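A.B. asks: quick one, fold the following:
(chains A, B, C and D, ligands or ions: 6)
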Amino acid sequence: MRFRIVDQREIARNVFRLRMEADRPVGWSPGQFFHIRVDDGLEHLLRRPLSLCEAEDDRRFSVVYRLVGPGTRRLARKGPGDELDVLGPLGRGFPLHEGDHRALLIGGGVGVPPLVQLARELRKRGVSVLSLIGFRTAEDVMLAEELAECGSVWILTEDGTAGRRGRVTAALEEALEEPPDRFYACGPAPMLRAVQSALAGRLPGYLSLEERMGCGIGVCMGCVHLCRDPEGRTRYRRVCTEGPVFPAEEVVFS
Amino acid sequence: MRFRIVDQREIARNVFRLRMEADRPVGWSPGQFFHIRVDDGLEHLLRRPLSLCEAEDDRRFSVVYRLVGPGTRRLARKGPGDELDVLGPLGRGFPLHEGDHRALLIGGGVGVPPLVQLARELRKRGVSVLSLIGFRTAEDVMLAEELAECGSVWILTEDGTAGRRGRVTAALEEALEEPPDRFYACGPAPMLRAVQSALAGRLPGYLSLEERMGCGIGVCMGCVHLCRDPEGRTRYRRVCTEGPVFPAEEVVFS
Amino acid sequence: MSGVDLSVELAGLRLKNPVMPASGCFAFGREMSRWYDLSRLGAIVVKATTLEPRSGNPVPRVAETPAGMLNAIGLQNPGVDRVIAEELPHLRQYGVPVIVNVAGSTVEEYVEVARRLSDSPDLEALELNISCPNVKCGGMHFGTDPRTAAEVVGAVKRVSRYPVFVKLSPNVTDIVALARAVADAGADGLSMINTLLGMRIDVERRRPVLATEAGGLSGPAIKPIAVRMIYEVSRAVSLPIIGMGGIVSGEDAVEFLMAGASAVAVGTANFVKPTACVDVLEELAAWCRDRGVRAVRELVGAAGRMGP
Amino acid sequence: MSGVDLSVELAGLRLKNPVMPASGCFAFGREMSRWYDLSRLGAIVVKATTLEPRSGNPVPRVAETPAGMLNAIGLQNPGVDRVIAEELPHLRQYGVPVIVNVAGSTVEEYVEVARRLSDSPDLEALELNISCPNVKCGGMHFGTDPRTAAEVVGAVKRVSRYPVFVKLSPNVTDIVALARAVADAGADGLSMINTLLGMRIDVERRRPVLATEAGGLSGPAIKPIAVRMIYEVSRAVSLPIIGMGGIVSGEDAVEFLMAGASAVAVGTANFVKPTACVDVLEELAAWCRDRGVRAVRELVGAAGRMGP
Ligand SMILES: Cc1cc2nc3c(=O)[nH]c(=O)nc-3n(C[C@H](O)[C@H](O)[C@H](O)COP(=O)(O)OP(=O)(O)OC[C@H]3O[C@@H](n4cnc5c(N)ncnc54)[C@H](O)[C@@H]3O)c2cc1C
Ligand SMILES: Cc1cc2nc3c(=O)[nH]c(=O)nc-3n(C[C@H](O)[C@H](O)[C@H](O)COP(=O)(O)OP(=O)(O)OC[C@H]3O[C@@H](n4cnc5c(N)ncnc54)[C@H](O)[C@@H]3O)c2cc1C
Ligand SMILES: Cc1cc2nc3c(=O)[nH]c(=O)nc-3n(C[C@H](O)[C@H](O)[C@H](O)COP(=O)(O)O)c2cc1C
Ligand SMILES: Cc1cc2nc3c(=O)[nH]c(=O)nc-3n(C[C@H](O)[C@H](O)[C@H](O)COP(=O)(O)O)c2cc1C
Ligand code: FES
Ligand code: FES
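C.D. replies: Ligands and ions are numbered 1, 2, ... in the order given. The predicted structure follows:
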């Protein structure tokens, strides 16, 4: 599908927010991702997966991404009016549960963007939201205001230049003092693993995973992650179509 | 070198004139070519050779090209303000001879563009110019007005929809009635061959050749054409650096 | 499609058009059926099937390269019995010939998979994958030595009720020798090419990007190699060829047909665009129409007609 | 260049930096000297030289492919005597080691070219091109069979006063076997890779684009294949490797060094940008500087240090 770029701005060091508009309405849920061709030529064949960060309505969305390589660099060169070839939103997003009162959102780095629309949806349902978001340093901090509109936000930086010093896991115990019903986490694998092991058996929740993708639509088996099914058997599941969000207890980190 | 596109317009069916400005003055002569990267990415590695059509001064030039494949299609998408990675002008252009009074210019299709600046230079030196330009059909006719500013122009089309019916060679004899001192020809190989054989021994002149190029700067040996040296030995010469313009009697068509 | 006869015949299979997905780029069709009507395809080629279920390689399994990609999926599949029970039957609804890609670690394994498939009514042909670079034991080594290749082809032919296409590896010195050997061993057709062995290094981490280090290179980058091999083989061996390797457009498909392929498969392009197969088909039909080509068959081998 | 030690040693040659042009993409240097100061190069590698002058193949000789190109130049060169008399002397002025690429149709021709070059003081090493896909007789067939390769290398080594690098063809089933064979035959180093055999078809004219039909594929498209082969060979054979195949950036050069090359050559990129060699060099130096790498040597083989 063709999306038209509405605008694009740098919102933190090397982090861009790209707003885009679809040519027709599409269904979505928080935690899904867009699969974006960074260029119409053949040099960059694979699409780049970027999480839905905000949904203004059924046609206008934003993604927030960090410059890491040639694909995101090329994307960053585009401007208002340029067209993008986009699939999605794809995948299974964050499930919302009836009856939840308090939710704990945990994000690290570019794992924070998908939490924004999630926080908004929770807020709409009257769920009170606490967002724990961690970054390397003050220059990397992003989306704190957007999250603050939906609840409390605790910022952590590894070097202490903004918010508290330390990683999100350091603040976890404190975040549980007013017990949440559920947690939602997105960020680098070491963070997710630490969150998983800290909360296992104490709080149900979801992890949003990242893997390198080929197709994004479930046919190449490129993006698999090891998961444990309810019977305890482990097997590879596709992040693109069976995820990216999985129940925390099912995810196996090797 | 970076050139900035000033403007680009379709001037005949699938034929574009692209005006561009260099960031600093460059030396040039009519008959040379620019070697243009159609895109900064890696999909299209090879540059495209396009002849200098007009030189407004030492920085502003135009090229006129036909859409034939992916490279020219990509080029045609660019607009004012876009930058182009350009080498050149490269190669050896049309030599001008002191003492010439009348010149015959012969062009076919996209062989016409390099004749425009040539006609202007001849005109500046007081040489009277007759341009014989041939096209397939009326929709393909281009640059006739520009040439008409420098002398007489005879248009031919294969189907007779504009000017006279036939190929340029059909009008050659008539063009010789007021005998020129020299001819300059550029166009498809069959046309050049016909011109060469019609004029051999009767009129000195130059042919501007086209070959597929790798480097454009004389190092790959990709663009060679068979030539006969004054001693009668044939050998391959590089169109990019020893040409594209060769004395007509030296060129061997196989 | 408006006047152009797109049908081709291939080792006794009649295809209504020459475009099919390449194995491994289409899974077993379920996901793709959301993007277009699979009955539009000339044939359906499913993911490599082995005797036992395989979980495949660790991740990362894919990496991008200039105009190409590397993969090291490692034949992840549910095993032949589940493929027969759960995957093939639902593909019948599309009324399109189904070709099952078969892989194994030993000759016996290939034979056993072929035998079980022969008992299923839900396919029309086998494609023997003796060229998968992504598994240590099995796969490519069968495809790089003419004698071994002939052995596995001969053994499978003896048990198979269905025509056998043999998928050749491009990672060889002499592709014609391989093609001859499998032709002599009874192959009914050839599929070419599989991926080339390649590697990318993550310079920041100072190690290969893929968990398996090397992987299979596919996409437009390899197209010239595929075209050259098909051109050579089609002039030396008289088996029908399913051509693949970097096809992304109808014009690419024409190039493969002219090189000597009788049909084409679209692989990596499915990841660029889910509708790649039907897009290629439409562009191919339009190409023929615009040039007055009445039947796509006429294009097969057209570039080699002048003799060597 | 500000603190980073770029020097490398290569079969006894001391290069002040590891970047050189690939043979055939630099002619004999005269044209390139207009674009930058050739003394900045780590070494100079000239076009293939044969015993007699050769006029090369008919045109078209080049064609573009996705992220790559095909060439079929056919070893056009003025012959070894004129190369020695007219081309090599002028290259001395740059104070940079000169490596002469040698090609031939017979073992005797290779030997005779090597013998004559041994009488010239104007070079530091030979690069035996036993891998050129562009000439029917001579070139690649020497490079695809380990025994033949060893024979020509052994014969040249017996007459050569200079170290001999052997340029390997990627068009083989087992590149390690080739590398081992030429190592055992006395090669002082390896250059890899030469081009892959490929073809493009002009679908409008219904015939191959190149006059020779097939040609050699080079450029970024083949980079993953080159990296994989260098990675494999560098772990199996202890000869220094000049790595090439699709390098267009300093980061590409790092990738080749980490794969196991001790130096790198830049080929097709010279056609994209005449200053490609020195651009790659500057980017490589900057890359090292930004990451605190003190000596470029430290990168050699870094991606394979963890063991297989
Ligand atoms: C479901 C999902 C959602 C994501 N959401 C976001 C987001 O909202 N914001 C954001 O900044 N990043 C996000 N990422 C990571 C993002 O996809 C990569 O940073 C991006 O693809 C890098 O592309 P590149 O060409 O710049 O880098 P390169 O490293 O050059 O990319 C080369 C290849 O590797 C893949 N790749 C590289 N890094 C990653 C990664 N971390 N995860 C998956 N594939 C990768 C690329 O897609 C590409 O195919 C998400 C990843 C996934 C799987
Ligand atoms: C010295 C010189 C001057 C030229 N001047 C002009 C001009 O002023 N106007 C104009 O319209 N065309 C001119 N041409 C031809 C022009 O270069 C090609 O039409 C153009 O490169 C086609 O590129 P493409 O990608 O669109 O087509 P494709 O056919 O897809 O190109 C593929 C490759 O073939 C090469 N190629 C294709 N056709 C030609 C050709 N006829 N000559 C040389 N290389 C070719 C391309 O450069 C490219 O490398 C000139 C050619 C030469 C050699
Ligand atoms: C992700 C992926 C998985 C593949 N899996 C298989 C497979 O299971 N069996 C097989 O024979 N080929 C497999 N292939 C090879 C393709 O079928 C095809 O031969 C190759 O990719 C070249 O075509 P392409 O360039 O169009 O992708 C796979 C290729 C890719 C990219
Ligand atoms: C136009 C051209 C001419 C070449 N001529 C030679 C040659 O004479 N001798 C040789 O050993 N390799 C030759 N090569 C191969 C290159 O040296 C190099 O091995 C190959 O192109 C891969 O590197 P690249 O991708 O950087 O070009 C040539 C390559 C090209 C593109
Ligand atoms: S990316 Fe292809 S299956 Fe998930
Ligand atoms: S294009 Fe390379 S020598 Fe002329």
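
A.B. asks: how about the nearest residue to A:Val6, chain neighbours excluded?
C.D. replies: Spatial nearest neighbour of A:Val6, excluding adjacent residues (C-beta to C-beta, 6 or more residues apart in numbering or on different chains): A:Arg19 at 4.1 Å. C-betas here are computed from N, CA, C, even on glycine.

A.B. asks: actually, A:Glu178.
C.D. replies: For A:Glu178, the closest residue by C-beta to C-beta, 6+ apart turns out to be A:Arg102, at 6.7 Å.

A.B. asks: who touches the one you found in this structure?
C.D. replies: A:Val127, A:Ser128, A:Val129, A:Leu130, A:Glu178, A:Pro179, A:Pro180, A:Asp181 (C-beta atoms under 8 Å, 6 or more residues apart in numbering or on different chains).

A.B. asks: for ChimeraX, what selects the buried ones among those residues?
C.D. replies: To isolate the buried members of the contacts of A:Arg102 in ChimeraX, using 16 or more other C-beta atoms under 10 Å in any protein chain shown:
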select /A:127,128,129,130,180,181
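
A.B. asks: can I get the contacts of A:Arg102 in JSON lines with pLDDT and distance to C:Val164?
C.D. replies: Shown next, in JSON lines, are those (pLDDT from 0 to 100; distance: C-beta to C-beta, whole Å):
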{"residue": "A:Val127", "pLDDT": "97", "distance to C:Val164": "59"}
{"residue": "A:Ser128", "pLDDT": "96", "distance to C:Val164": "64"}
{"residue": "A:Val129", "pLDDT": "97", "distance to C:Val164": "60"}
{"residue": "A:Leu130", "pLDDT": "97", "distance to C:Val164": "62"}
{"residue": "A:Glu178", "pLDDT": "92", "distance to C:Val164": "67"}
{"residue": "A:Pro179", "pLDDT": "93", "distance to C:Val164": "63"}
{"residue": "A:Pro180", "pLDDT": "96", "distance to C:Val164": "59"}
{"residue": "A:Asp181", "pLDDT": "96", "distance to C:Val164": "58"}
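
A.B. asks: from the contacts of A:Arg102, which ones fall inside strands?
C.D. replies: A:Ser128, A:Val129, A:Leu130 (DSSP state E).

A.B. asks: from these, which is closest to A:Val86?
C.D. replies: For the ones in strands among the contacts of A:Arg102, the closest approach to A:Val86 (C-beta to C-beta) belongs to A:Val129, at 28.2 Å.

A.B. asks: in chain A, what residue lies closest to chain D?
C.D. replies: When scored by C-beta to the nearest C-beta, chain A has A:Leu42 as its residue closest to chain D, at 4.9 Å.

A.B. asks: correct me if wrong: that residue contacts C:Ala67.
C.D. replies: Yes: counting by C-beta atoms under 8 Å, C:Ala67 is a contact partner of A:Leu42 at 4.8 Å.

A.B. asks: mutual contacts of the two, please.
C.D. replies: Counting by C-beta under 8 Å, 6+ apart, the residues touching both A:Leu42 and C:Ala67 are B:Glu43, C:Gly219, C:Pro220, D:Pro66, D:Ala67.

A.B. asks: burial of the one residue in the stretch 1-150 of chain C that gets nearest to ligand 6, as a residue count?
C.D. replies: Residue of the stretch 1-150 of chain C nearest ligand 6, by C-beta to the nearest ligand atom: C:Pro66 (21.8 Å). Neighbourhood size, C:Pro66 [other C-beta atoms under 10 Å in any protein chain shown]: 29.

A.B. asks: who are the contact partners of it?
C.D. replies: A:Glu43, B:Leu42, C:Ala221, D:Ala67, D:Gly219, D:Pro220, D:Ala221, D:Lys223, D:Gly246.

A.B. asks: now secondary structure and neighbour count too, for those, in JSON lines please.
C.D. replies: Output for the contacts of C:Pro66, formatted as JSON lines (DSSP: H, G, I helix; E, B strand; the rest coil; neighbours: other C-beta atoms under 10 Å in any protein chain shown):
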{"residue": "A:Glu43", "secondary structure": "coil", "neighbour count": "24"}
{"residue": "B:Leu42", "secondary structure": "coil", "neighbour count": "25"}
{"residue": "C:Ala221", "secondary structure": "helix", "neighbour count": "34"}
{"residue": "D:Ala67", "secondary structure": "coil", "neighbour count": "28"}
{"residue": "D:Gly219", "secondary structure": "coil", "neighbour count": "30"}
{"residue": "D:Pro220", "secondary structure": "helix", "neighbour count": "28"}
{"residue": "D:Ala221", "secondary structure": "helix", "neighbour count": "34"}
{"residue": "D:Lys223", "secondary structure": "helix", "neighbour count": "30"}
{"residue": "D:Gly246", "secondary structure": "coil", "neighbour count": "30"}
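
A.B. asks: mind checking the SS state of C:Val153?
C.D. replies: Here C:Val153 is recorded as helix under DSSP: H, G, I helix; E, B strand; the rest coil.

A.B. asks: surely it is in contact with C:Leu168?
C.D. replies: No: C:Val153 is not in contact with C:Leu168 according to C-beta under 8 Å; the separation is 10.9 Å.

A.B. asks: tell me, what's touching these two both at once?
C.D. replies: Any residue near both C:Val153 and C:Leu168 by C-beta under 8 Å, 6+ apart counts here, and that gives C:Ile130, C:Val182.

A.B. asks: now the helices: where do they sit in the stretch 101-250 of chain A?
C.D. replies: Taking DSSP state H, counting those that start in this stretch as the criterion, the stretch 101-250 of chain A carries its helices at A:113-124, A:144-148, A:172-175, A:189-199.

A.B. asks: I meant to write chain C there.
C.D. replies: According to DSSP state H, chain C carries its helices in the segments C:80-82, C:88-91, C:107-118, C:140-144, C:146-159, C:175-184, C:223-236, C:250-259, C:269-272, C:276-290.

A.B. asks: picking up where we left off before, nearest to ligand 3, of the contacts of C:Pro66?
C.D. replies: Checking these one by one against ligand 3 (C-beta to the nearest ligand atom), the nearest turns out to be C:Ala221, at 8.3 Å.

A.B. asks: name the residues of the stretch 151-254 of chain A found near ligand 1, please.
C.D. replies: A:Glu210, A:Glu211, A:Arg212, A:Met213, A:Pro244 (C-beta under 6 Å from any ligand atom).

A.B. asks: which two from the residues you listed end up farthest apart in space?
C.D. replies: A:Arg212 and A:Pro244 (12.4 Å).

A.B. asks: after the strand or helix carrying the residue nearest to A:Val6, next one along is what?
C.D. replies: Applying DSSP states H and E as the criterion places A:Arg19 in strand A:15-22. In the C-terminal direction, the helix or strand that comes right after strand A:15-22 (DSSP H and E) is strand A:33-37.

A.B. asks: and the shared contacts of A:Leu42 and C:Ala67 near ligand 4, which?
C.D. replies: With C-beta under 6 Å from any ligand atom as the criterion, the shared contacts of A:Leu42 and C:Ala67 include none near ligand 4.

A.B. asks: pick out the most distant pair among those residues.
C.D. replies: B:Glu43 and C:Gly219 (11.4 Å).
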